[in-house]
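**Q** can't give you the sequence, but here's the structure:
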């Protein structure tokens, strides 16, 4: 059941289900973005880096946040537009085999000037299976005030 503007309040949090990142995810992301940096795609090369293994593309982690949030259903049917990605931080590496979850905290919710839509400021935090914060930042969203007919 989607939530609309009046259902969303500062301080509310939603935690997504987990998702284990596979080698296929990383290779697919590399293929469709053309980001074939060896630290993501070459196990031998990556074994000699500071991480000792391949790392997941940072933007794959950020993108996974949106997919994980969709699995909650909170904004499915009420979202109108993603308004931006602000102050996004890559705080720790994500590795193939990590299971990530995303926490969404509502920072504010207000109507637009037209009154038909609302702006929801959201802080997203991506954590690995150990609870370590690997990425965090704002992804604000325009939402409907009521079901769209």
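**A** Done, it's in. What you see is a predicted model; the values in this text were computed from it and never measured.
**Q** what about the longest helix along the chain, average pLDDT?
**A** Assignment by DSSP state H gives helix 58-72 as the longest helix of the chain. Helix 58-72 carries an average pLDDT of 97.
**Q** tell me which residues in that helix are buried?
**A** 58, 60-62, 64-66, 68-69, 72 (16 or more other CB atoms under 10 Å). Yep, even glycine has a C-beta here, placed from its N, CA and C like the rest.
**Q** likewise stretch 94-103?
**A** Within stretch 94-103, the residues scored as buried using 16+ other CB under 10 Å are 94-96, 98, 100-103.
**Q** I'd like to know which elements the host helix or strand of residue 103 is packed against.
**A** In this structure, residue 103 sits in strand 99-111 according to DSSP states H and E. Under the contact criterion of 3 or more CB pairs under 8 Å, 6 or more residues apart in numbering; DSSP states H and E, strand 99-111 touches strand 13-15, strand 19-20, helix 58-72, strand 117-127.
**Q** most centrally placed residue in this structure?
**A** Most central in the chain under CA atoms, centre = their mean is residue 65, positioned 1.8 Å from the mean C-alpha point.
**Q** how close does that one get to residue 131?
**A** Per CB to CB, to the nearest Å, residue 65 is found 16 Å from residue 131.
**Q** Distance-wise, check residue 118 relative to residue 101.
**A** Counting by CB to CB, the gap from residue 118 to residue 101 is 26 Å.
**Q** show me where pLDDT drops low in the chain?
**A** Residues of the chain that meet the criterion pLDDT under 70 lie in 149.
**Q** Count residues in the vicinity of the closest residue to residue 123 other than its chain neighbours, would you?
**A** Using CB to CB, 6 or more residues apart in numbering and skipping the chain neighbours, the partner closest in space to residue 123 is residue 105 (4.5 Å). Residues lying near residue 105 (other CB atoms under 10 Å) number 15.
**Q** repeat for residue 133
**A** Neighbourhood size, residue 133 [other CB under 10 Å]: 13.
**Q** So what's the residue count around residue 125?
**A** 19.
**Q** And it, how far from residue 38?
**A** Distance of residue 125 to residue 38, given as CB to CB: 29 Å.
**Q** And residue 68, by the same measure?
**A** 27 Å.
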